[in-house]
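Participant: this one's sequence-less:
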């Protein structure tokens, strides 16, 4: 089965975007910002709205100053403070306190039967699932917003769609039962619709049981029971996906379709994960999904991990296929170039997925890139050496002065090239130590590729005693010449033995020949045999090697 065909089939089958096609109203960034605002609100009192938000009141209707505002134990003086107080109490699961923010006057008996605390709790569940309340958009003035589509004694928080039409979430100014002061509460018009909203947007039975029995712990607005519920659901979908992919590979094997092991691993690994993610996103029960959970879904974290795994494994598979093709076409050097190229490709994939992830979480990737513009020059300067080394690595692979496994001399060192990486070349010396040389420096060195020899020279340094007789020297050189010419592993040309000249303490006999091998171990065996033979010829022809310690220099 062709790998390219397999990839195209799966891309068409799992045609799911890696990022949200439209930016959601609520993102993970929104959840984080909301938490930060709540922390800041607890540390300092709320500021009055600017004149831009609400037009200045006439002179005869001036807003009361802070010290003139009536006291309320639940801070229900303005629409913003009242809604903020309710949301804070609901998030803390203090529904006894949250019930003080609802208006229960003139409710139908079937609604009153729920009880104040239960109504406050049910409204919290509905808001968590349907409406993102931006308290900053609510008025922070005791009279509320005067120019809205609702009566002046009410403020609109938002609208929720139901099967019977839209339900408005309203705040209404009402008299306090105890003090008679004018305070803001969630309107009884909204409270009367809580049973309908609960029927359509309440949790399912499993969700209700988990909600009632697990601790009230949350992270990023998502409750502990929701983390457990959706994690368990994903594990279930993952098990189903594994069964499906194993069944597919079993059928392929049963039909004797030629599929290699790495492709089987590709199907059983990253494809299984991607299939599980897509099933979880498409088939999961939406009755337990809140706005915070949906924001996490829009982050597509696990989906990006699945696609990232697929892309990285696809690079590995493509590298393996190309390696086989290059070897088949007798281009082994191109195989070594695949490793740095695949590393660069994987790096680009990871960086791209990270930017997609930041966009999905609500962070502007363009802003992040623009922020890098200031430090871009410094980063470019810091990465200058890295870029030089990468280019040098490509140069080493293309020009190939040395290859992986080559024995080479560079500088004062001799060793075998083990790896040409993106940053440095690793060389193992004859002492078995390892030397790392930066590619940019290594490519500029004078490199002697010892492994490229088609044969190895044999040039023994014969310095004979200066007292050697002429006849003995002639017969010795003739014997050495015959030895080399008759040896089956010595090249026919060049092969010479000549009396090169005199030194103050010796007679220099120059020997030049080549052993027909590139195997250094075999070369050592041959020259050992030749050296022993030459030693015998020295003894036979009464020739002695000179000793430089006995040299005498006279004027």
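Facilitator: Happy to help now that I have it. Note that this is a predicted model, so its numbers are computed, not measured.
Participant: now residue 132. Nearest residue, chain neighbours left out?
Facilitator: residue 26 (4.8 Å; CB to CB, 6 or more residues apart in numbering). C-beta: built from backbone N, CA, C; applies to glycine.
Participant: likewise residue 264?
Facilitator: residue 249 (5.3 Å).
Participant: so the one you found sits in a strand?
Facilitator: No: counting by DSSP: H, G, I helix; E, B strand; the rest coil, residue 249 is not found in a strand; it is helix.
Participant: ok, now which ones touch it?
Facilitator: By CB atoms under 8 Å, 6 or more residues apart in numbering, the residues touching residue 249 are 259, 264, 267-268.
Participant: next one: residue 324
Facilitator: Going by CB under 8 Å, 6+ apart, residue 324 touches no other residue.
Participant: now it: which helix or strand?
Facilitator: Assigned by DSSP states H and E, residue 324 falls within helix 301-328.
Participant: low pLDDT regions in this structure?
Facilitator: The model of the chain has pLDDT under 70 over residues 1-25, 28-31, 33-70, 146-148, 285, 332-334, 365-383, 549-555.
Participant: show me the domain layout of it.
Facilitator: Domain segmentation of the chain under automatic domain parsing yields 3-19+222-382, 28-44+69-202, 397-452, 456-550.
Participant: nearest to residue 216 among these would be which one?
Facilitator: domain 28-44+69-202 (4.4 Å; CB to CB).
Participant: for the residue nearest in space to the middle of the chain, phi and psi?
Facilitator: Nearest to the mean C-alpha position of the chain, by CA atoms, centre = their mean, lies residue 350 at 4.3 Å. Note on residue 350: backbone dihedrals following degrees, to the nearest 10 are phi -60, psi -40.
Participant: quick one: which of the contacts of residue 249 is most hemmed in?
Facilitator: Using other CB atoms under 10 Å as the neighbour test, the contacts of residue 249 are led by residue 267, with 19 neighbours.
Participant: measure that one to residue 275 for me?
Facilitator: Residue 267 is 10 Å from residue 275, where distance means CB to CB, to the nearest Å.
Participant: now for these two: what residues contact both?
Facilitator: Shared contacts of residue 267 and residue 275, defined by CB under 8 Å, 6+ apart, comprise residue 245.
Participant: mind checking the end-to-end distance for stretch 500-520?
Facilitator: Start and end residues of stretch 500-520 are separated by 28 Å (CA to CA, to the nearest Å).
Participant: likewise for stretch 188-199?
Facilitator: Using CA to CA, one end of stretch 188-199 lies 18 Å from the other.
Participant: adding secondary structure and distance to residue 185, write the contacts of residue 249 out as CSV.
Facilitator: Below are those laid out as CSV (DSSP: H, G, I helix; E, B strand; the rest coil; distance: CB to CB, whole Å):
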residue, secondary structure, distance to residue 185
259, coil, 67
264, helix, 64
267, helix, 59
268, helix, 58
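Participant: and the residues you listed as TSV, adding distance to residue 354?
Facilitator: Formatted as TSV, those follow (distance: CB to CB, whole Å):
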residue	distance to residue 354
259	33
264	30
267	26
268	27
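Participant: and the furthest pair within those?
Facilitator: Pairwise distances among the contacts of residue 249 were taken by CB to CB; the largest, 11.2 Å, belongs to 259 and 268.
Participant: which residues in this structure form strands?
Facilitator: Ranges of strands in the chain, per DSSP state E, are 154-162, 165-175, 182-186, 218-219, 222-223, 407-410, 413-420, 424-429, 434-438, 447-449, 456-458, 462-465, 496-502, 506-515.
Participant: and the longest one, which residues are buried?
Facilitator: What that stands for is strand 165-175. Buried residues in strand 165-175, counted by 16 or more other CB atoms under 10 Å: 167-174.
Participant: please apply the same query to the last one.
Facilitator: Judged by neighbour count using 16+ other CB under 10 Å, the buried positions of strand 506-515 are 506-507, 509, 511, 513-515.
Participant: is it correct that residue 327 is in contact with residue 335?
Facilitator: Yes: look at residue 327 against residue 335 with CB atoms under 8 Å: they come within range, at 6.4 Å.
Participant: okay, these two: which has more neighbours?
Facilitator: Shown here are residue 327 and residue 335; by other CB under 10 Å, residue 335 has more neighbours (17 against 12).
Participant: please report how far that one lies from residue 417.
Facilitator: According to CB to CB, residue 335 stands 14 Å off from residue 417.
Participant: ok, back up a step: just the buried residues of strand 165-175 now: which is nearest residue 127?
Facilitator: Residue 127 lies nearest to residue 169 out of these, by CB to CB, at 7.5 Å.
Participant: hey, where'd the helices end up in the stretch 201-350 of the chain?
Facilitator: Along the stretch 201-350 of the chain, counting by DSSP state H, counting those that start in this stretch, helices occupy 205-213, 224-254, 261-266, 272-283, 291-299, 301-328, 332-361.
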